[in-house]
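> output the structure for:
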Amino acid sequence: MAESKPRRVIEHRIISIKALKEKRYDTIDLGKYNELFGTLQSKFIIMCYGPSGSGKSVFVMQLADELTRHGKLLYNSHEERDRMTIQSRVINFNINSPKIALGVSLPFDVMIEKIRSNH
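Next comes the predicted model:
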């Protein structure tokens, strides 16, 4: 029999508008990216989508480098995987943070499990 994974328990409750307005969240400063994303909670997922050659990898690698000021980061590369093009971008744009790990086409559930087991 297959082992079942524990499901995340969703809390069902009612809160007032006043309580919602007064609620405080753990947020992070994204430096020059604040204008683009606004204020983000400290735990989040960003997915970047666009046509080949549109600058996704360069943008996301630079953002990843900025985000590592707040902790470790998993960059999951599907299109470029771990090929020479991604290596060139890392070298050419001076991405040096030891806090960035490269996932190579990890399915979403595997990626989430790797993140959970590493934090």
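> quick one: buried residues of stretch 81-90?
Ile86, Arg89, Val90 (16 or more other CB atoms under 10 Å). In this view, the C-beta of every residue, glycine as well, is placed from N, C-alpha and C.
> could you look up the SS state of the second one?
Taken by DSSP: H, G, I helix; E, B strand; the rest coil, the conformation at Arg89 corresponds to helix.
> for the residue sitting nearest the centre point of the chain, grab phi and psi.
Nearest to the geometric centre of the chain sits Ile45, at 4.3 Å (CA atoms, centre = their mean). With angles defined as degrees, to the nearest 10, Ile45 sits at phi -120, psi 130.
> and for Leu40?
Dihedral angles (degrees, to the nearest 10) for Leu40: phi -110, psi 150.
> residues contacting it?
Thr27, Ile28, Leu30 (CB atoms under 8 Å, 6 or more residues apart in numbering).
> setting the sequence-adjacent residues aside, check what's closest to Lys32.
The shortest distance from Lys32 to any non-neighbouring residue, by CB to CB, 6 or more residues apart in numbering, is to Glu66 (7.4 Å).
> elements contacting the one helix or strand the one you found maps to?
Element membership of Glu66 [criterion: DSSP states H and E] is helix 56-67. Contacts defined by 3 or more CB pairs under 8 Å, 6 or more residues apart in numbering; DSSP states H and E place helix 56-67 against strand 73-77, helix 84-92.
> what about the residue nearest to the centre of the chain, distance to Ser88?
Distance, Ile45 to Ser88, using CB to CB, to the nearest Å: 26 Å.
> over to Ser97?
Taken as CB to CB, the span from Ser97 to Ser88 is 17 Å.
> got any ranges where this structure has weak pLDDT?
Along the chain, segments meeting pLDDT under 70 span 1-6, 119.
> residues in contact with the nearest residue to Val58 once chain neighbours are set aside?
Spatial nearest neighbour of Val58, chain neighbours left out: Arg89 (5.7 Å); criterion: CB to CB, 6+ apart. Contact analysis of Arg89 by CB under 8 Å, 6+ apart lists Ser57, Val58, Met61, Ile95.
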